[in-house]
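1. Provide a 3D model corresponding to the input given below.
(one chain, ligands or ions: 1)
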Amino acid sequence: MLGVTGSIAAYKAVELVRALTTAGADVRVVMTASAQRFVTPLTLATLSRYPVLTDESAWDARMPHLAAVHEADLLLVAPATAGRIARFAHGLADDLLSTLFLACTRPVVLAPAMDADMYRHPAVQENLARLRTWGARIVGPATGELASGVRGPGRLAEIGEIIQTVTEMLCPQRDLSSEVVLVTAGPTYEPLDPVRYLSSRASGKMGYAVAKEAAARGARTILVSGPSALSPPRGVEFIGVETAMQMRAAVLDRLAAATVIIKAAAVSDYRPAHRIESKLTKRDAPLTLELVPNPDILREVGAQKGARIVVGFAAETGELVQRARQKLVAKHLDLIVANDVTQEGAGFACETNRVVILDQDGGVEELPLLPKRQVARRILDRVVSLRQQKTGCTGQG
Ligand code: CTP
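-> Predicted structure coming up:
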């Protein structure tokens, strides 16, 4: 289902409908009232070979619009104006397209188009961020000359890019189907006494996103997770652990089966030296706890990696690339994903992350601030190309 809204870029919907149908899609077009001032429904009905749904179509007791949205595999809104994005982000159901957005249970892709200042306005940015947290995929906008004559971000993404996104979402890649991916996620809990523990602020979101994406791309996926509020992704073998020692045992047990290891867990580097069996009570004196180091699971995995691809993470608060490179070398990793946890949007428990991926050849790939699912995608893209390099296969044909 393609929603077309009232931006000058609505004229590009003509080309978009042609490109989608040429790619094999069955396209049902929904036009808002203002979109119809730029392009006629007749044009899009002719190209899509279906009547165009408009606000008037909603006044039909058979509710053809609901049947159409329930049949759709995906809702693409291109161009999506600032007003439309605001309506979606606030759950308004004040016209047909907004109503269909709420009724749609399938993936949603939005391709914003507007003037640069509008796009930069925090209202638009916050609305887009909110829609992303609900799972919407945002394509573009591109930067360039806009209808107003100004240069900046706000151009509708290239038709090819929109088609590629839709294709990826409808026909997900299965490029990991010959891999067994072992992912660790979450914090560990190191008990001090029966009621207290030593831990970190990790939520597990990054590791769960990697596991979800690996499973979607066809890998047999094993997720070893410390305590997390998240539900295990579907199609993933899940092993819940608490302590670093339990995580180590779970990882080493499954190491023989794994071909890719991705260690996103924030493992506690230390644990209390002595397990105190009864609750520590308050005294009027300072308390000193003795901590002993936990084994570095990643280092152990790296030392016996064989043909496996091993990816580590590095959470840093400064000298990001330098420290991450030291870890990459010391732990025999193929890749290390480093983030500066002091940066906005890149710390713990965020929906987004801004990471740098370092490889053994000295490569430093800086990714922009992205939702964690997309960061996961980019990490797995690197895993796929490493595998192709290792096996001498180009992945073509
Ligand atoms: N890691 C691990 N076992 C540990 C500690 C860390 O497997 N006991 C892994 C993490 O899962 C992560 C990577 O090592 O992939 C880096 O963790 P980090 O805490 O950033 O680095 P450390 O090597 O522990 O070094 P430091 O704490 O000194 O920065």
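2. Just checking the helix or strand harbouring Met247 against the ligand, any contact.
-> Remark: Met247 resides in helix 244-254, with elements defined by DSSP states H and E. Yes: using CB under 6 Å from any ligand atom, helix 244-254 comes into contact with the ligand via Ala244. C-beta coordinates here come from the backbone N, C-alpha and C atoms, glycine included.
3. my read: Leu170 touches Asp73, true?
-> Yes: with contact defined as CB atoms under 8 Å, Leu170 counts as touching Asp73 (5.8 Å).
4. thinking again about what came up before, partners of the very next helix or strand once past the helix holding Met247, with directions?
-> Next helix or strand after helix 244-254 toward the C-terminus (DSSP H and E): strand 260-263. Sheet pairing for strand 260-263, assigned by DSSP bridges, gives strand 180-185 (parallel), strand 309-316 (parallel).
5. Quick one: mean pLDDT for the helix or strand following strand 260-263?
-> As assigned by DSSP H and E, the chain's next helix or strand after strand 260-263 is strand 270-272. Mean pLDDT, computed over strand 270-272, is 96.
6. do strand 270-272 and the ligand meet at all?
-> No: using CB under 6 Å from any ligand atom, strand 270-272 stays clear of the ligand, with a minimum separation of 8.8 Å.
7. What's the first helix or strand after that strand?
-> Downstream of strand 270-272, the first helix or strand assigned by DSSP H and E is strand 291-293.
8. Quick one: name the residues of the stretch 201-350 of the chain near the ligand.
-> Within the stretch 201-350 of the chain, the positions near the ligand by CB under 6 Å from any ligand atom are 244, 263, 265, 267, 269, 294, 296-298, 312-315, 327.
9. Residue most distant from the centroid, this structure?
-> No residue in the chain sits farther from the centre than Asp284, which is 48.9 Å out by CA atoms, centre = their mean.
10. And that residue, how far from Ala78?
-> According to CB to CB, to the nearest Å, Asp284 and Ala78 sit 67 Å apart.
11. what's the answer for Thr22, then?
-> 16 Å.
12. So these two - more neighbours on which side?
-> Shown here are Thr22 and Ala78; by other CB atoms under 10 Å, Ala78 has more neighbours (27 against 9).
13. For that one, which non-adjacent residue is spatially closest?
-> Counting by CB to CB, 6 or more residues apart in numbering, Ala78 lies nearest to Ala111, which is 3.7 Å off, once chain neighbours are set aside.
14. Touching the helix or strand harbouring the one you found from outside, list them.
-> Taking DSSP H and E as the criterion, Ala111 maps to strand 108-112. Residues outside strand 108-112 that contact it (CB atoms under 8 Å, 6 or more residues apart in numbering) are 74-82, 85, 88, 101, 119, 124, 128, 131, 135-141, 154, 156-157, 162, 165-166, 169.
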